[in-house]
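Engineer: Have a look; sequence and predicted model below, questions after that.
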Amino acid sequence: MEETHGGEGAGGTGGAGAPAAIRAALEGHTTVTLAYADEDGPQACAVLYAAGTAADGAPALYFVTAETTRHGRALGRPGARVAFTVQRDGQEWSALTGLQGRGGCRPLSGAERAAGWRVYTDRFPFVEGSERLRAALERTALWELRPDWLRLIDNGRGFGHKEEWQA
């Protein structure tokens, strides 16, 4: 089992930007499963996301969900944290790739929302192509997930290969 950690200049522990392999994995997928806890206990949900870069160079994931959903209410609490995974379905174990992560979420507004919305619609151009869908999603909260820890699992590079990044 191989495990690597990036250095300061490579975006590893203490660096703002995540290593290239981790960024490529984030950009290569579109669905994140968020795990969170609320007054009823732990729960998970899957949402479509677009990977982007925050102003400080750190990775950011943008997704749309109503603040009235169970996960929207939980994520909207001050200091709320999530754990998450990103991977494709149907992979062979010997080539399994995916990400594990932790971070905080927040709904965006104003200029931050506009910038995040551009990232989201660039990834999912069909949103802009449908006036009805665009109008519905524009009335829904756009969220930013800021990972502070990411682990890439890539069995294609050797069984148990891991690469980690920490903000």
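Structural biologist: Done, it's in. The shown structure was predicted, so the numbers you read here are calculated from the model rather than taken from an experiment. Numbers count the residues shown, from 1 in each chain.

Engineer: need the next SSE after the lowest-mean-pLDDT helix or strand in the chain, C-terminal direction.
Structural biologist: Within the chain, confidence by mean pLDDT, DSSP states H and E is lowest for strand 3-5 among all helices and strands, at a mean of 44. Downstream of strand 3-5, the first helix or strand assigned by DSSP states H and E is helix 20-27.

Engineer: Buried residues in that next one, which are they?
Structural biologist: Ala21, Ile22, Arg23, Ala25, Leu26 (16 or more other C-beta atoms under 10 Å). Every C-beta, even on glycine, is put in place using the N, C-alpha and C of the backbone.

Engineer: chain center to it, what's the gap?
Structural biologist: How far helix 20-27 lies from its chain's middle: 11 Å, per C-alpha atoms, centre = their mean, to the nearest Å.

Engineer: who does that helix touch, helix- and strand-wise?
Structural biologist: Applying 3 or more C-beta pairs under 8 Å, 6 or more residues apart in numbering; DSSP states H and E, one finds that helix 20-27 contacts strand 41-53, strand 59-64, strand 97-107, strand 142-154, strand 162-166.

Engineer: ok, and for the longest helix along the chain, which residues are buried?
Structural biologist: Identified as the longest helix of the chain according to DSSP state H is helix 110-123. For helix 110-123, a neighbour-count test (16+ other C-beta under 10 Å) marks Arg113, Ala115, Gly116, Trp117, Val119, Tyr120, Thr121, Arg123 as buried.

Engineer: okay, which residue is most central for the protein?
Structural biologist: Residue closest to the average C-alpha location in the chain (C-alpha atoms, centre = their mean): Leu61, at 3.8 Å.

Engineer: In the sheet, which residues pair with that residue? Tell me.
Structural biologist: Counting by DSSP bridges, Leu61 forms beta bridges with Ala51, Leu145.

Engineer: what's next to stretch 41-53, contact-wise?
Structural biologist: Residues outside stretch 41-53 that contact it (C-beta atoms under 8 Å, 6 or more residues apart in numbering): 17, 23, 26-27, 30-37, 59-65, 69-71, 74, 116, 119-120, 122-124, 145.

Engineer: and if you look at stretch 121-130?
Structural biologist: Looking at stretch 121-130 with C-beta under 8 Å, 6+ apart, the contacting residues turn out to be Thr30, Leu48, Ala50, Ala51, Tyr120, Leu133, Arg134, Leu137.

Engineer: ok, now with 7 Å
Structural biologist: Here stretch 121-130 makes contact (C-beta atoms under 7 Å, 6 or more residues apart in numbering) with Leu48, Ala50, Leu133, Arg134, Leu137.
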